[in-house]
Structures are given as C-alpha cells and as structure tokens.
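Q: I'd like to go over a predicted model; first the sequence, then the structure.
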Amino acid sequence: MGLLNKLKEKLSKTKQSIVEKIEGIVPAGGKIDEKTIEEVEEILISSDIGVKATEEITDILRKKFKENSIRNVTDIKTLLKKELIELLQNNTSLNLKASPSVILVVGVNGVGKTTTIGKLGYKFSSEGKSVVFAAADTFRAAAIEQLEVWAIRVGADVIKHKSGSDPAAVAFDALEYAKSNHKDVVIIDTAGRLHTKVPLMEELRKINKVIKKSISDAPHETLLILDATTGQNALRQATFFNEAVGLTGVVVTKLDGTAKGGVVFAIKKEIGIPIKLIGIGEDFDDLKDFNPEEFVEALFD
C-alpha cells in the first residue's frame, strides 16, 4: 500500500469529522448561503482545527462568497484544501546534520513517548545510521526496560543508570559515549510529566543545560510527543513545554484512532511549532515524516 493510500485509511475518522460533514451540509450541486458558512465554521471548530485557523479560513470563505466565487460545497472543499495546505507550509524536516545528532524527547504521561523513540530508532537504523538511546526516564524502572527491548529490536545501543538516578547524568553519559564511538544519532528519553508541574519542568531545563556541556549546540531537535486523541488539550501541553525547553518540533501520535486529527492545524497556527512526524499505527514503520500536501490530500481525496 502506498503512503497516500495508507494515510487515507488511517485518517478516515478525521476525514469523517471534517470533510464528510461539510459534504453533508447541502445536497450535491445545491447552492450555499451565509448559514452554510456558519455551519462550516462550527464543523472546523468541533474538529479541533482551532479558533485562530477557523476564523482565518471562514473569513476567506465569506469574502469569496460575497465575491460570488464560491457557489457550492465543491468550491468550499477546494478552497479549504488550499488554505489548510498553506497553513501547514514552511514545515521542516528533522535536523540531522550534526554527528552525533541529538534528539531530546519530551511529553506528558501516556502519549507513547518511549514507543515513538523506538520507532524513531527503527527509522534511523533503516537509513543506515547508528543509534544510541539514553534512558533518562529514571523515574520508572519499566521505562528503562521498555527502551532496552526496543534497542534490541532496532539494533541501538542503550546508556542507562539505575532507577532513580539523575536523568541529566544519563543524558551526559550517552552523549560522551556517542562521541567516543562515532555514533550518528542520540535519542534521549525523559520521564513523562504533567506540563503544569513546575519542579519537573525545571528538571527538563537542567537536562538541557547538561546536554550543552557535552555538545554546545545540542539538542539539535527537541520533540514534543502529543496524543492526537487529547484534541485541544494538546495546545496547552505544547505551550508549556515550548516555554520550558524551546521545542523545535512536534510528533503527533495515534492519528489512526481519532477524529481529532484537526489538532495538527491548530498546533501549527496557534503555537507556530512545525509538525515533524506523525504516528498512524502500531507497526515499526507507522511513524512517518510529516508531509502537509499528503496529509491534506488524504483528507480530501
């Protein structure tokens, strides 16, 4: 199955919450009016696209409607597709220019952080890169064990300390190991933490500082893992983590099991952080580089 076809399948619930609802506003070929625009606005808001993006899009819709350049639902879909692609533009791929490239992974509990790290390791290993996992989630012994299992699966090395150790020390040792052994990528796991817990966010800042003692321009990526099923709550998480550690990108997981995939647009519009990767299933290769055109095409095709 090609990537576009797979996206169509996996994003079907989000498509139902946005595109298919819009298609159901008026009969095929039926004319639209101001009430139609209001209904589109309600659909976009309810599908977690976000207030700012929704207002911007519906303002354009109203302008085009008054200019008589939008006459039916097909015209609305065409304009929506164009605007949603533009909203997601200027997305950037992962920064892997350094050697080693350092990726710090953060997020709240239960978003699939360690699993995402494992899939990232698989992605890089498949590209011929050597990978080191830093088991800096020392709060849960099970997290270290889970990362070790993933390391065996994908052929990565693991640097760990005993449970309860200083996570910043684990990160530092992993970087020193990677430099000494000429590894390509270091992925640093961190304990899941509520974004509202100040001491835990301070711990992340400490990890960041210690990383820079080993490699001054690292981390090269600071990725927030977000569960798409949380909808608008993901925006709050992104805001807090961005303030704490300066995010360079977001990985949105569990898009295959939710109708709330519209949050991808809200994150980009309201916080300005690029979506770097999306998770669309359980398989090793279901963590995909985010492509705005393909994502929107899968919703509208």
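A: The structure has been received and is ready for your questions. Residues are numbered from 1 along each chain as shown.
Q: gap between A141 and E148?
A: 11 Å (CB to CB, to the nearest Å). Placement of C-beta: from N, CA and C, glycine included.
Q: those two: which has the busier surroundings?
A: E148 (15 against 12; other CB atoms under 10 Å).
Q: and V252, helix, strand or coil?
A: Following DSSP: H, G, I helix; E, B strand; the rest coil, we place V252 in the strand state.
Q: what about it, neighbour count?
A: Neighbours of V252 under the rule other CB under 10 Å: 25.
Q: touching, it and K276? I think so.
A: No: look at V252 against K276 with CB atoms under 8 Å: they stay out of range, at 9.3 Å.
Q: show me the shaky parts of the stretch 51-200 of the chain.
A: 195-197 (pLDDT under 70).
Q: list the buried residues in stretch 283-295.
A: 284, 286-288, 290-292, 294-295 (16 or more other CB atoms under 10 Å).
Q: show me which pair in the residues you listed is furthest apart.
A: Spanning the widest gap among those are F284 and P292, at 24.0 Å by CB to CB.
Q: can you give me the helices for the stretch 101-250 of the chain?
A: Assigned by DSSP state H, counting those that start in this stretch, the stretch 101-250 of the chain shows helices spanning 113-126, 141-154, 167-180, 198-214, 233-245.
Q: distance to E55 for the ones you listed - can I get that in TSV?
A: Converted to TSV, those look like this (distance: least, CB to CB, whole Å):
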stretch	distance to E55
helix 113-126	32
helix 141-154	41
helix 167-180	41
helix 198-214	31
helix 233-245	15
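Q: do you know which of these lies nearest V186?
A: Closest approach to V186 among the helices of the stretch 101-250 of the chain (CB to CB): helix 167-180, 4.8 Å.
Q: so how far is the closest one off the chain centroid?
A: Helix 167-180 sits 26 Å away from the centroid of its parent chain (CA atoms, centre = their mean, to the nearest Å).
Q: check which helices and strands that helix sits against.
A: Using 3 or more CB pairs under 8 Å, 6 or more residues apart in numbering; DSSP states H and E, the elements in contact with helix 167-180 are strand 131-136, strand 157-159, strand 185-190, helix 198-214.
Q: same thing but at 10 Å, please
A: strand 101-106, strand 131-136, strand 157-159, strand 185-190, helix 198-214 (3 or more CB pairs under 10 Å, 6 or more residues apart in numbering; DSSP states H and E).
Q: flag the shaky bits of the stretch 201-301 of the chain, pLDDT-wise.
A: Checking the stretch 201-301 of the chain against pLDDT under 70 turns up nothing.
Q: gap between L194 and S93?
A: Using CB to CB, L194 is found at 30 Å from S93.
Q: okay, the helices of the stretch 101-250 of the chain, which one's buried deepest?
A: Greatest average neighbour count among the helices of the stretch 101-250 of the chain goes to helix 113-126 (a mean of 22), per mean count of other CB atoms under 10 Å.
Q: for that helix, packing partners?
A: On a contact count with 3+ CB pairs under 10 Å, 6+ apart, helix 113-126 meets strand 101-106, strand 131-136, helix 141-154, strand 185-190, strand 221-227, strand 249-253, strand 275-279, strand 287-289.
Q: any chance of a markdown table for the buried residues of stretch 283-295, columns distance to I225?
A: Output for the buried residues of stretch 283-295, formatted as a markdown table (distance: CB to CB, whole Å):
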| residue | distance to I225 |
| --- | --- |
| F284 | 17 |
| D286 | 14 |
| L287 | 11 |
| K288 | 14 |
| F290 | 13 |
| N291 | 19 |
| P292 | 20 |
| E294 | 21 |
| F295 | 18 |
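Q: and of those, the nearest to G257?
A: Of the buried residues of stretch 283-295, the one sitting nearest to G257 (CB to CB) turns out to be D286, at 11.7 Å.
Q: what sits against the closest one?
A: Going by CB atoms under 10 Å, 6 or more residues apart in numbering, D286 touches 6, 10, 119, 253, 255-256, 278-280.
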